[in-house]
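Student: here you go, sequence then predicted model.
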There are 2 protein chains.
Amino acid sequence: MINVSLSVVKGIPEIKKDDPLAKILYESIESNGIDLRDGDILCMAHKIISKAEGRIINLADVSPSENALYYSRKLNKDPRKVEVILRESRKVLRYFRHEHQNEGTIICENNLGFISANAGVDESNLEEEDTVIMLPKDPDLSARKIKTFFKKKQKVNVGIVITDTFGRPWRIGQVNVAIGIAGVPATRSEKGTPDNFGKIMKVTEPAFCDEIAAASGLVMQKSKKTPLVIFRGLDWKNCNGSAKDILRNKQEDMFL
Amino acid sequence: MINVSLSVVKGIPEIKKDDPLAKILYESIESNGIDLRDGDILCMAHKIISKAEGRIINLADVSPSENALYYSRKLNKDPRKVEVILRESRKVLRYFRHEHQNEGTIICENNLGFISANAGVDESNLEEEDTVIMLPKDPDLSARKIKTFFKKKQKVNVGIVITDTFGRPWRIGQVNVAIGIAGVPATRSEKGTPDNFGKIMKVTEPAFCDEIAAASGLVMQKSKKTPLVIFRGLDWKNCNGSAKDILRNKQEDMFL
């Protein structure tokens, strides 16, 4: 008996600025023969959102600041790209270039509060040369708009998870994490409920939106034009969450 | 069209020391009506392995060292539990007790090299009072044994992922990560392959084993006796990997 299924939506066209993204997703889902139901979750790579929202910058239009030039020299990194990274960030936490790397990395707290490499500024899967793509300005809002579209158009209550691909401390490789959500909760707390032997659990709080995001990476390959995955069978209740709910209070970050 | 499915195996009995775990899993899978195929992945919570391998300690048998007494006082933590945590660790990275917490946490590099809270020493879902459970001694080996059992018994090539539940820096809530694997690769590198526009990807290397582990958390609830999830439909090739392959070389950890 299958409890949860992941279905990749095929044939999503290359998204361009001002494209009606929700409508395009709706039509793609339909032409894949998927009949959405209440409780389905649409998990998508942020790039399609960023593209629709015009969050692409042509580097020719960027003048690097002194600060950007500093990191550029240290990291052998295009100063204009560094400038975009700094504009997208509240704070630089660390920067590093390994010997075997052509260019280094800046670990930032971005304007949304997420901590990752290069503030989510990326150059892969872009049609035009010398451009970089940024995260959506307000991914929760982007998610809510898509959710609302499906509610109106199809009378269906779906959840939305928008992902970015993050590296991790201590562990190599990347996983997708949630940077925007609508409907679904960020975490599902089991705190205060008993385990199988009646002992009350004190810390158990699975990061639901990140579990979905990470799972989507199993089928969402960057070279395969598969930015949308439909999850069916998950147990969640509609709520007004934000992906920022997953951000740890800095005073409580025991790991760092 | 479903690309990947997750099926929870129900009715796995409480595992005790020296139980023939692989045989029990085999019988449970069969009685759930699941006919395993080549390429299926069995993802399981480490606790069933640890229980079968007798990795449970009665705290009455533990004498805390001076070092354990020190952390015990600082963290309001049972000194015998601290002693077990220290024995399971190579190194204490940090320790902390928040104001609202009854007892604090020790962030350790455990004897396997994984960095997490309390070296994986845990007290939930244990039948007997005043006991704690540790990670398996060699989770890769435990995974390989189960894989071999299924190969012999059912002539089927399955992958195995053994998980623990980890907190994360910067993000609240927990996700499952891989601490032991057999057959499946730790990561699936897309480095050197072109993106959709022909640009060669330099860093893309999804953490496959951790994506599986995180996804399992969507259905593996701690209070529901569901330590085993079968993944079907994933794209992987049999290899001799280790979950330790996911450990980042300390000199290359840009995040910390």
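Tutor: That came through fine.

Student: my read: A:Lys151 touches A:Gly159, true?
Tutor: No - counting by CB atoms under 8 Å, A:Lys151 does not reach A:Gly159; the two are 11.4 Å apart. Placement of C-beta: from N, CA and C, glycine included.

Student: what stretches of chain A score poorly on pLDDT?
Tutor: For chain A, the stretches flagged by pLDDT under 70 are A:201, A:222-223, A:254-256.

Student: quick one, strands of it?
Tutor: Assigned by DSSP state E, the strands in chain A fall at A:4-8, A:41-45, A:56-58, A:89-96, A:105-110, A:115-117, A:131-133, A:159-167, A:174-182, A:228-232.

Student: direction included, what does the third one pair against?
Tutor: Put plainly, it is strand A:56-58. strand A:131-133 (antiparallel) (DSSP bridges).

Student: what's in contact with the partner strand?
Tutor: Strand A:131-133 has contacts (CB atoms under 8 Å, 6 or more residues apart in numbering or on different chains) with A:47, A:50-51, A:55-59, A:81, A:84, A:121-123, A:126.

Student: those residues in helices, which ones?
Tutor: If you go by DSSP state H, the contacts of strand A:131-133 have A:Lys47, A:Ser50, A:Lys51, A:Lys81, A:Val84 in helices.

Student: wait, the first one sits on A:Pro227?
Tutor: Yes - judged on CB under 8 Å, A:Lys47 makes contact with A:Pro227 at a distance of 6.4 Å.

Student: hang on, the earlier thing: which one of the ones in helices among the contacts of strand A:131-133 is nearest chain B?
Tutor: A:Lys47 (10.3 Å; CB to the nearest CB).

Student: look up how far A:Val4 lies from that closest one.
Tutor: A:Lys47 sits 25 Å away from A:Val4, going by CB to CB, to the nearest Å.

Student: pick out whichever of A:Lys151 and A:Gly159 has more residues nearby.
Tutor: More crowded of A:Lys151 and A:Gly159, by other CB atoms under 10 Å in any protein chain shown: A:Gly159, with 27 against 13.

Student: show me what the more buried one bridges to in the sheet.
Tutor: According to DSSP bridges, the partner residues bridging A:Gly159 are A:Ile41.

Student: again, but for the one 4 residues further on
Tutor: Going by DSSP bridges, A:Thr163 is paired in beta bridges with A:Ala45, A:Ala178.

Student: right, and it touches A:His46 too?
Tutor: Yes - with contact defined as CB under 8 Å, A:Thr163 counts as touching A:His46 (6.3 Å).

Student: give me the most central residue, chain A.
Tutor: A:Thr163 (2.0 Å; CA atoms, centre = their mean).

Student: mind listing what it touches?
Tutor: For A:Thr163, the contact set (CB under 8 Å, 6+ apart) comprises A:Cys43, A:Met44, A:Ala45, A:His46, A:Asn176, A:Val177, A:Ala178, A:Ile179, A:Ala213, A:Ser216, A:Gly217, A:Met220.

Student: what about those, which one has the most neighbours?
Tutor: A:Ala178 leads the contacts of A:Thr163 on contacts (other CB under 10 Å) with 34 neighbours.

Student: residue contacts, that one?
Tutor: A:Ala178 makes contact with A:Val161, A:Ile162, A:Thr163, A:Ala186, A:Cys209, A:Asp210, A:Ile212, A:Ala213, A:Ala243, A:Ile246, according to CB under 8 Å, 6+ apart.

Student: if we use 6 Å, what do you get?
Tutor: A:Val161, A:Cys209, A:Asp210, A:Ala213, A:Ala243 (CB atoms under 6 Å, 6 or more residues apart in numbering or on different chains).

Student: among the residues you listed, which are in helices?
Tutor: With helices identified by DSSP H, the entries of the contacts of A:Ala178 that belong to them are A:Cys209, A:Asp210, A:Ala213.

Student: my read is that the last one contacts A:Gln174, right?
Tutor: No - taking CB atoms under 6 Å as the definition, A:Ala213 is not a contact partner of A:Gln174, at 11.1 Å.

Student: do you know how far A:Gly54 is from chain B?
Tutor: Noted for A:Gly54: a distance of 18 Å to chain B, by CB to the nearest CB, to the nearest Å.

Student: state the number of residues packed around that residue.
Tutor: 12.

Student: was I right to think A:Thr105 contacts A:Ala119?
Tutor: No - in this structure, A:Thr105 is not within contact of A:Ala119 by CB under 6 Å, at 10.7 Å.

Student: who in the stretch 151-256 of chain A is up against chain B?
Tutor: With CB under 6 Å from any CB of the partner chain as the criterion, the stretch 151-256 of chain A meets chain B at residues A:169-175, A:187, A:193, A:195-197, A:199, A:201, A:204-207, A:210-211, A:214-215, A:217-219, A:222-223, A:225, A:246, A:248, A:252, A:254-256.

Student: any of the residues you listed buried? List them.
Tutor: A:169-175, A:187, A:195, A:201, A:204-207, A:210-211, A:214-215, A:217-219, A:222, A:225, A:246, A:248, A:254-255 (16 or more other CB atoms under 10 Å in any protein chain shown).

Student: for the stretch 51-200 of chain A, which residue gets nearest to chain B?
Tutor: A:Gly173 (3.1 Å).

Student: dihedrals phi and psi, the residue nearest to that residue when sequence neighbours are not counted?
Tutor: Spatially, and ignoring its direct neighbours in sequence, A:Gly173 is nearest to B:Ala207 (3.1 Å; CB to CB, 6 or more residues apart in numbering or on different chains). Note on B:Ala207: backbone dihedrals following degrees, to the nearest 10 are phi -80, psi 80.

Student: spit out the contact partners of B:Ala207.
Tutor: So B:Ala207 contacts A:Gly173, A:Val175, B:Thr187 (CB under 6 Å, 6+ apart).

Student: out of the residues you listed, the closest to A:Lys16 would be?
Tutor: Minimum separation from A:Lys16 among the contacts of B:Ala207 (CB to CB) is found for A:Val175, which lies at 28.4 Å.

Student: tell me how many other residues crowd the closest residue to A:Arg55 other than its chain neighbours.
Tutor: Closest residue to A:Arg55 apart from its sequence neighbours, by CB to CB, 6+ apart: A:Met134 at 4.5 Å. Here the number of neighbours of A:Met134 (other CB under 10 Å) works out to 22.

Student: quick one: name the residues of the stretch 1-150 of chain A near chain B.
Tutor: A:1-8, A:96, A:98, A:105, A:107, A:115, A:124-125, A:127.

Student: and the residues you listed, which are buried?
Tutor: Looks like the residues of the stretch 1-150 of chain A next to chain B have A:Asn3, A:Val4, A:Ser5, A:Leu6, A:Ser7, A:Val8, A:Phe96, A:Thr105, A:Ile107, A:Ile115, A:Ser124, A:Asn125 buried, using 16+ other CB under 10 Å.
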